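Asker: Fold the following, please.
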Amino acid sequence: MTEAALLPEVGTVLPEREFPIGRADLVRYAGASGDFNPIHWNDRAARAAGLSGVIAHGMLTMGLAARVLAEWAGGADAVEQYRVRFRRPVEVPDDGVVTVSVRGVVTARQPDGRVTVELTVHGGGKKVLSAASAVLRPR
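Answerer: Below is the predicted model of the structure:
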């Protein structure tokens, strides 16, 4: 079988991944990223900013989707391009978790083996990222 035959075809669906996010995860992410904006850990500050409550860091949500791509492609170095638009924030309850789900499908394949993957990302059942796509190169 040739290497080209082993490459994913248009329509190939990436396995769906789900990530539970709680307030403790936001604190850990704030420490790792240096983003201590109180809208990510304090309900009063979030409401003062016009939000309904604490929200996850947008870059955390984007990073979870990128993780799905990297794992599926066999490593982060296979991700050549990656883009998203933040559609709505992921609201994180104070007494539980919200689930971020990431799905992907191969929508194009180039002759050199590169593939375009379109992602669908939901947080708490609501679409949180739009225009999410990546170009992956074969490994």
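Asker: And for Glu71, the neighbour number?
Answerer: If you count neighbours by other C-beta atoms under 10 Å, Glu71 ends up with 13. (C-beta placed from N, C-alpha, C; glycine too.)
Asker: Quick check: which element contains the nearest residue to it once chain neighbours are set aside?
Answerer: Once flanking residues are discounted, Glu71 sits nearest to Arg17: 8.0 Å by C-beta to C-beta, 6 or more residues apart in numbering. Element membership of Arg17 [criterion: DSSP states H and E] is strand 13-22.
Asker: right, and the residue nearest to Glu71 touches Ser101 too?
Answerer: Yes. The pair Arg17 / Ser101 is scored as a contact, 7.1 Å apart, by C-beta atoms under 8 Å.
Asker: and the longest helix along the chain, what does it pack onto?
Answerer: Longest helix in the chain by number of residues, with DSSP state H as the criterion: helix 58-73. With contacts taken as 3 or more C-beta pairs under 8 Å, 6 or more residues apart in numbering; DSSP states H and E, helix 58-73 sits against strand 13-22, helix 23-33, strand 79-86, strand 97-109, strand 115-123, strand 126-136.
Asker: so which of those gets nearest Gly50?
Answerer: strand 79-86 (15.3 Å; C-beta to C-beta).
Asker: From what I see, His122 and Val90 are in contact.
Answerer: No. Using C-beta under 8 Å, His122 is not in contact with Val90; the gap is 9.0 Å.
Asker: Please identify the buried residues of the strand holding Arg17?
Answerer: Neighbour counts over strand 13-22 (16 or more other C-beta atoms under 10 Å) mark 14, 17, 19, 21-22 as buried.
Asker: Check the spacing between the most centrally placed residue in the chain and Val79 real quick.
Answerer: Centroid check for the chain by C-alpha atoms, centre = their mean gives Ala65 as the closest residue, at 2.2 Å. The spacing between Ala65 and Val79, counted by C-beta to C-beta, to the nearest Å, is 11 Å.
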